[in-house]
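In: Take a look and give me a structure for this.
(3 chains)
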Amino acid sequence: MSAAVRLQGVGRSYGPVAAVRDVDLEVGRGEVLALLGPSGCGKTTTLRLIAGFEAPDAGTVEVGGRTVAGPGINIPPEKRRVGMVFQDYALFPHLTVAQNVAYGLPGAKRKGRVEDVLDLAHLEGLGGRMPHELSGGQQQRVALARALAPGPEVVLLDEPFSNLDAALRVRVRAEMRDILADAGATAVFVTHDQEEALSLADEVAVMMDGTIAQKAAPEVLYHNPASRRVAEFVGEANFIPGTHENGRLSCVLGEVPACGECTGNVEAMLRPEALRLRALQNGGVTGDEAGATVISREFYGHDQLIKLRLDSGPVLCSRLGGGPGFRPGERVAVGVSGPALVFPKP
Amino acid sequence: MAVPTAARTEDGRGAKPRRRRPPLLLGGLAGLVVAAMALPLVYLVVRSFEGGWEEIAEVVLDGDTLAVLGRSALLAGVVTAASVAISVPLAWLTGRTDLPGRRAWAVLAALPLVIPSYVGGFVLVSVLGPRGMLQGWLEPLGVERLPEIYGFPGAALALTLFSYPYVFLTVRGALRGMDPAMEEAARSLGSGAWAMFARVTLPQLRPGIVAGALLVALYCLSDFGVVSLLQYQSFSNEIYVQYRSAFDRTPAAILALMLVALTIAVLLVEGRTRGRARYHGNAASRPSNTVVLGRWRLPALLFCGGVVLFALVAPVGVLGFWLARGLAEGEPLRPLWNAALSSVYASGLAAAVTALAALPVAILSVRFRGRVSGLVEKATYLGYALPGIVLALSLVFFGANYAPWAYQTLGLLVFAYAIHFLPQAVGTTRSALLQVRPSVEEAARGLGRGPARVAATVTAPLAGSGILAGAALVFLTTMKELPATLLLGPTGFETLATRVWGATSEAFFARAAAPALMLIGISAVPLYLLVIREQAK
Amino acid sequence: MISRGNLVFALALLALLAVAAGCGQPPPEGNNGGGSGQESTSEETTGDETTAQEELKPGEGSLVVYSGRSEELVGPIFEQFEERSGVDVQVRYGETAELAATILEEGENSPADLFFAQDPGALGALDDEGRLTKLPEDVLGRVPAMFKADDGDWVGTSGRARVVTYNTEEIQEDDLPDSIFGFTDPEWEGRIGWAPTNGSFQAFVTALRVIEGEDRAREWLEGVQANDPFVYPDNLSAVEGVASGEVQAALVNHYYLFQVKEEQGQDLPAANYFFEGGDPGALVLAAGAGVLDTADNPEAGEEFLEFALSDEAQQYFADETYEYPLVDGVEVSEELPPLTDIQSPEVDLSNLDDLGGTLELLQETGVL
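Out: Numbers count the residues shown, from 1 in each chain, chains lettered A, B, ... in the order given. Down below sits the predicted model:
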């Protein structure tokens, strides 16, 4: 089964600066891929390379098994069968919703298809409205419907949720995932929000400095980040020094099972969920604990993030459930409840 | 640490420096337009070199020539400054305050644009001149002689009064496109109204001011009607004298080339001061706050009233007076319908052709920025700054000798109009295109439409009203055009402008007044539409 | 409802079609009967009868005229000619100098047959470039030698005399000086007026430079300027100024007096004074015309000139525009001395083309 999108060795530079270099990527049919990375990492450029609004300096781009960009080839965007949803939706302000959706459709089968797609996107009955009469979430769905209507090989979404307010975001995300699933569409979306990427995508590709640092399923990415930078970017990460020998890590928090290749002096990463806290009143710490003082507490309702400073110095954060938790200034004992991941010392 | 360019391109909101090459069709069309602009220049170069380098040196290095250069530059500078000084307050008063009747004031303030300079100058001399009306009224009061109107003061006054609306219109447009949030931020940080205006509003208006100022400055260089009537020895006057005196076209051509050089200098200055016109957020997400004038209301009204009085009421009034006097004395007035129809027809064609020709240049300049597209856009101004007689003779030369089938046809005349007035259409089309976000066009591309279809079905409708505004501006400017019409129009082709000229050349005031009033009346219609369409948004 | 996009397209298409239509009109041709039927200057004149006051051979084809004289003044002459001869006359009106430059630029492709100029400098310039053809003797013979080209390439059609129009109530004719140089005398301070922007005045100054030399001309200008003359924007206002007594004398062309009399009444206290003895102040300028070497229809051009110099047409100039007929035997107003009586200075009118030098002088002396 050929991939919906394949990039091989793709590079794009602006003057002396390489926005994208040596990117290899594959998106299977029906898959949702997230391109995740900080600002300036090249993810939007990659998207635009797939869409055809930029031409690569190196490498090839294939869409639907067909080479659309490469040495000597550059097929213009309108011929690539790639749909795009822009950050600002880019709806045609002078056309109705139905006309917007119909724009990419050839004459004959228009009407029926438009209605089907509007239903799919939960926009029944809104066909006659003008874009400025709709709410932000509705506009976004129109943009998606419009991109989906012609049945493209892949739908590209550029930071699709950044224009929505936080409360709306979660709901709209879920809706979008359903719509894409119902349509059986292949999608690539770009975001700098790791929560979004992890929750929506089948696979996440983390981009940094113009190249792909790691591409994996969300759980793999979260629990087995390929590098320290990826680890820090995808979720909160705690780092403590230690020594690693045969799958065991010796550190201030005691002896902990660990995975990772490097041995000797290492930096060990522990996710906040892997730390457990116990109030330290009069008793001391046991062998596989360390003493710490709570610095701050962020309560989210369903969980909370406790920031604390170990007596030996490093600042860690721990994620606990929604219970009473600990207040700043309290003394706690910190222990490890999960395996650590080791990285070479920087 | 230097931020790599890539970082900035990641920001979806900011303008991305797209270094794409434009499609061949677009580049080709724009190239054709530039080639058309180049025709008069080729003519000038050919004529200039007929006398060899010695003659060129003789003319260029002549002290008198340099004095003329200085006078032209001085006139352009002063008129531009005065126009800006009038227009910015006018635009602000009619656009941002609670001035009573501001919509009407806005239309009235823009109307002087329809008055031809040769009519305006004439009226000015009649009113303020040594034997003029004002002198007549003041004589009983013991005023023997008014200050000299001829020369620099009169020319500067006349040009300012009838060309300041260029700046007024562009500043008005700029005010509408401004984001009120910045002014609100300034106020919240403690700026008083004046300080806010000077430090926040004015800098944002700069691109608009500069665009209008450029039109005014270059118009001053090219105008002949005013400077000849008011006897100011500027370039265009000097060129005309050369034609009139020695019938030798070589010195005239050399002078015209010097004028072109002056124009290029002006364009360079403008390029520096333009600032960077970025994609405006589509016309303010929120309407701006209206400033309450309070006790400033009366001075503001006086100001607006004064400008309108001198620039509009006086000329129209004088014309009406002449007409009435002529009718009372039984002056035979020939029917004007023929001339009026010809005027409207020719101007309409010119407007359509020029708007079309402006499209590739504007699209190139906005969507495919770069040095080349910038140069193309600047090149369109060269035809604008040339005095009409020079442009006309260049096309006489080419038409009669290389394209006799087109010579003295309406087609060639419309072509001349297009070359002459292209920047007006390019400017407004550019502004209109800047309002269309590129993401909308890209979305259309992604949906399978090629660049031409996208331009037609998405860009044109969205930028449509701006493009039509450019056409309206070209229409009313063409209505008053004279030298090219006289020389290049089909023999026997009469417009209202030529009728006015025919009468004024013999001092037949009443016979000049009727076509002049009709010209003004007809031109006022598109101008009115142009001014109020922005309010409808 | 038409969408905006379609509307723009439609307009564009219409524009292109119209331009194509415009280009499709052929330029006026010489030898076809009847021109291209566009707006001809001849409006519907009354009646089809030709009152043959003078015999005209029925002409052929069309005549293309470039006229620096305005339609208001000479339009009727063209209409008359068209009616009489059957030649279709197409006139392009413009400024004399611009039209001359146009003819030169057009070169051998010029569509013009006849060039009608307000002043002979332009004719002289065209002649120098060899663009005019020699006119037939019977045309040339009708005007005095001063009002035609030496080589017979152009001929004057009507004359304009420089005069002093003075207020008869304030001064007598004897009070006026014998020579134009008399006005530099301080006794004339504040009593004279002129219109230095007027073309005829400038032509006069050019003649002064040619006849008397640059220095004398400068002397005269400075002398008069020292007498603080009233500056008028044009000759008409100057004569009105004389009539109202604002000034006692003004340096103008002869015919304005008649125009003002027509407007204000024949009992106006003003009259014309002509200098004598070949004084430069008595300069007579002429409007004139010539047939171009590139004419498609030179016969029609010559025929028109015959008509323009016919008694009838010359009478028109005398009666309607008050200019001087150049042809013998045509009656002028009794208030005007006959042309032959005017002792105008000897000067070749086609040499009066150094306007640039004149303007420089005027500026230097502060007159302009």
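In: Please make it C-alpha for all contacts and neighbour counts, starting now.
Out: OK.
In: so how far is residue B:184 from the spatially most central residue of chain C?
Out: Central residue check for chain C by CA atoms, centre = their mean: the C-alpha nearest the mean position is that of residue C:118, 2.8 Å away. Distance of residue C:118 to residue B:184, given as CA to CA, to the nearest Å: 66 Å.
In: do residue C:92 as well
Out: On the measure of CA to CA, residue C:92 and residue B:184 end up 61 Å apart.
In: Please state the mean pLDDT value computed over stretch A:155-173.
Out: Taken as a whole, stretch A:155-173 has a mean pLDDT of 85.
In: Start and end of that stretch, how far apart?
Out: 15 Å.
In: Could you point out the longest helix of the chain?
Out: Assuming you mean chain A. helix A:166-183 (DSSP state H).
In: nope, chain B please
Out: Criterion DSSP H: the longest helix present in chain B is helix B:63-96.
In: Check the offset of the strand or helix carrying residue B:209 from the chain's centre.
Out: Taking DSSP states H and E as the definition, one finds residue B:209 inside helix B:202-222. On the basis of CA atoms, centre = their mean, to the nearest Å, helix B:202-222 sits 9 Å off its chain's mean C-alpha point.
In: Who are the packing partners of the helix or strand just after that helix?
Out: Sequence order places helix B:225-229 as the next helix or strand after helix B:202-222, per DSSP H and E. Judged by 3 or more CA pairs under 8 Å, 6 or more residues apart in numbering or on different chains; DSSP states H and E, helix B:225-229 is in contact with helix B:117-128, helix B:152-176, helix B:235-245.
In: Excluding chain neighbours, what is closest to the residue in the stretch 301-450 of chain B positioned nearest to chain A?
Out: At 3.8 Å from chain A, residue B:448 is the closest residue in the stretch 301-450 of chain B, using CA to the nearest CA. Leaving aside its sequence neighbours, residue B:448 sits nearest to residue A:78 (CA to CA, 6 or more residues apart in numbering or on different chains; 3.8 Å).
In: count of residues packed around the one you found?
Out: Residues near residue A:78, counting by other CA atoms under 10 Å in any protein chain shown, number 22.
In: Just give the strands next to the helix or strand following the longest helix of chain A in its sheet, each with its orientation.
Out: Next helix or strand after helix A:166-183 toward the C-terminus (DSSP H and E): strand A:187-191. Partners of strand A:187-191 in the sheet, by DSSP bridges, are strand A:32-36 (parallel), strand A:154-158 (parallel).
In: Name the surrounding residues that touch the last one.
Out: By that I understand strand A:154-158. Applying CA atoms under 8 Å, 6 or more residues apart in numbering or on different chains, the contact partners of strand A:154-158 are A:4-5, A:44, A:47, A:51, A:63, A:81-87, A:147-148, A:185-191.
In: where along the stretch 1-150 of chain A do the strands fall?
Out: Under the criterion DSSP state E, counting those that start in this stretch, the stretch 1-150 of chain A contains strands at A:5-14, A:17-27, A:32-36, A:58-63, A:66-70, A:73-74, A:82-85.
In: May I see these arranged in a markdown table, with mean neighbour count and mean pLDDT as well?
Out: Shown next, in a markdown table, are the strands of the stretch 1-150 of chain A (neighbours: other CA atoms under 10 Å in any protein chain shown; pLDDT from 0 to 100):
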| stretch | mean neighbour count | mean pLDDT |
| --- | --- | --- |
| strand A:5-14 | 21 | 92 |
| strand A:17-27 | 20 | 91 |
| strand A:32-36 | 28 | 94 |
| strand A:58-63 | 22 | 93 |
| strand A:66-70 | 20 | 91 |
| strand A:73-74 | 14 | 90 |
| strand A:82-85 | 29 | 89 |
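In: Which of those strands sits closest to residue B:117?
Out: strand A:5-14 (50.4 Å; CA to CA).
In: Just the pLDDT for residue B:369.
Out: 81.
In: touching chain C at all, stretch B:60-67?
Out: No - legend: contact between stretch B:60-67 and chain C by CA under 8 Å from any CA of the partner chain is lacking; minimum distance shown is 9.5 Å.
In: quick check: mean pLDDT across that stretch?
Out: 82.
In: Give me the buried stretch members for that stretch, please.
Out: Across stretch B:60-67, burial judged by 16 or more other CA atoms under 10 Å in any protein chain shown covers B:60, B:65.
In: next one: stretch C:321-335
Out: By 16+ other CA under 10 Å, the buried positions in stretch C:321-335 come out as C:321-327, C:330-332.
In: what comes into contact with it?
Out: C:73, C:142-144, C:147, C:156-161, C:254-255, C:258, C:309-311, C:314-315, C:317-319, C:338-339.
In: Buried ones from these, can you make that a ChimeraX selection?
Out: Entered in ChimeraX, the line below selects the buried ones among the contacts of stretch C:321-335, by 16+ other CA under 10 Å:
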select /C:142,143,147,156,157,158,159,160,161,254,255,258,309,310,311,314,315,317,318,338,339
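In: The contacts of stretch C:321-335 in strands, which ones?
Out: C:156-161 (DSSP state E).
In: Reformat the residues you listed into a markdown table and put pLDDT next to each item.
Out: Converted to a markdown table, the ones in strands among the contacts of stretch C:321-335 look like this (pLDDT from 0 to 100):
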| residue | pLDDT |
| --- | --- |
| C:156 | 91 |
| C:157 | 91 |
| C:158 | 89 |
| C:159 | 89 |
| C:160 | 87 |
| C:161 | 89 |
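In: which of the residues you listed come close to chain A?
Out: Answer for the ones in strands among the contacts of stretch C:321-335 near chain A: none qualify (CA under 8 Å from any CA).
In: Residue A:276: which of the residues you listed is nearest?
Out: Closest to residue A:276, out of all of the ones in strands among the contacts of stretch C:321-335 and judged by CA to CA, is residue C:160, at 116.0 Å.
In: unless I'm mixing things up, that closest one is touching residue C:253, no?
Out: Yes - taking contacts as CA atoms under 8 Å, residue C:160 lies within contact range of residue C:253: 6.3 Å.
In: domains of chain A?
Out: Under the assignment automatic domain parsing, the domains of chain A span A:5-81+A:152-231, A:236-344.
In: Give me the residues contacting the helix or strand containing residue C:138.
Out: Element membership of residue C:138, judged by DSSP H and E, is helix C:137-140. Residues outside helix C:137-140 that contact it (CA under 8 Å, 6+ apart): C:148, C:152, C:155, C:302, C:305-306, C:309.
In: How far away from the center of its chain is it?
Out: 21 Å.
In: in it, what's buried?
Out: C:139-140.
In: Same question for stretch A:284-304.
Out: For stretch A:284-304, using 16+ other CA under 10 Å, the buried residues are A:288-297, A:299, A:304.
In: And for stretch C:63-79?
Out: Within stretch C:63-79, the residues scored as buried using 16+ other CA under 10 Å are C:63-71, C:74-79.
In: Out of these, the closest to residue B:217 would be?
Out: Proximity of the buried residues of stretch C:63-79 to residue B:217 (CA to CA) peaks at residue C:68, which lies at 31.3 Å.
In: how about the residues of chain C near chain A?
Out: Within chain C, no position is near chain A by CA under 8 Å from any CA.
In: Low-confidence ranges, chain C, go.
Out: C:1-60 (pLDDT under 70).
In: Just confirm residue C:307 contacts residue C:81, I think it does.
Out: Yes - Residue C:307 is within contact range of residue C:81, at 7.0 Å (criterion: CA under 8 Å).
In: Contacts only, for the residue lying closest to residue A:102 once chain neighbours are set aside.
Out: Distances taken as CA to CA, 6+ apart place residue A:114 nearest to residue A:102, at 6.0 Å, with adjacent residues excluded. By CA under 8 Å, 6+ apart, residue A:114 lies in contact with A:98, A:101-102, A:149.
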